[in-house]
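Participant: Here you go, sequence then predicted model.
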Amino acid sequence: MAHASWNQVVVAEADRANCESVEGNVYFPPAAIKDTYFRPSQTHTVCPWKGIASYYDIVVNGEVNKDAAWYYPEPKEAAQQITGYVAFWHGVKVEE
């Protein structure tokens with residue numbers, strides 16, 4: 001199992017076989033995230049080959065980790081395998 005945790009709470013978990021690895025990041029399938037901890041962010045960034053990324057803030061026990069998770073709702077053709085999959089940074093610990 002792959003797990004993503006922040007503030008000592010698991011915010012996503014999935015069988016490793018259901019995750020995707022891209023550029024050293026583990027992307028969790030959409031069904032793997034625990035929605036209660038995710039809040040849509042207004043942040044967007046652009047990757048030249050993946051497309052436009054959208055972000056989530058992670059909220060655990062009232063603490064907010066701004067833009068700690070990202071995903072590509074409509075990635076470019078080269079990254080279709082991660083459509084909707086979620087990756088983490090900003091102190092979110094990912095264990096495989």
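Facilitator: Thanks, I have the structure now. Note that the structure is predicted; figures quoted are calculated from it, not measured.
Participant: how many other residues sit next to Cys67?
Facilitator: You called it Cys, but residue 67 is Asp. When neighbours are counted by other C-beta atoms under 10 Å, Asp67 registers 18. From N, CA and C alone the C-beta is placed, and that goes for glycine too.
Participant: if you average pLDDT over stretch 11-18, what comes out?
Facilitator: Confidence for stretch 11-18, expressed as mean pLDDT, is 97.
Participant: Flag every buried residue along it.
Facilitator: Buried residues in stretch 11-18, counted by 16 or more other C-beta atoms under 10 Å: 11-14.
Participant: Can you give the contact residues for it?
Facilitator: Residues outside stretch 11-18 that contact it (C-beta atoms under 8 Å, 6 or more residues apart in numbering): 1-5, 28-29, 31-34, 37-38, 58, 60, 69, 86, 88, 92, 96.
Participant: That one: how far from the chain's middle?
Facilitator: Centre-to-centre, stretch 11-18 and its host chain are 11 Å apart (C-alpha atoms, centre = their mean, to the nearest Å).
Participant: again, but for stretch 26-39
Facilitator: In terms of C-alpha atoms, centre = their mean, the centre of stretch 26-39 is found 6 Å from the chain centre.
Participant: first vs last residue of it, how far apart are they?
Facilitator: Terminal residues of stretch 26-39 lie 20 Å apart, using C-alpha to C-alpha, to the nearest Å.
Participant: what's the answer for stretch 57-71, then?
Facilitator: Using C-alpha to C-alpha, one end of stretch 57-71 lies 12 Å from the other.
Participant: buried set for it?
Facilitator: Those would be 57-60, 65, 67-71, for stretch 57-71 by 16+ other C-beta under 10 Å.
Participant: Now flag whichever of the buried residues of stretch 11-18 is closest to Thr43.
Facilitator: Nearest to Thr43 out of the buried residues of stretch 11-18 is Val11 (C-beta to C-beta; 17.7 Å).
Participant: Let me know the secondary structure of that closest one.
Facilitator: Classification of Val11 by DSSP: H, G, I helix; E, B strand; the rest coil places it in strand.
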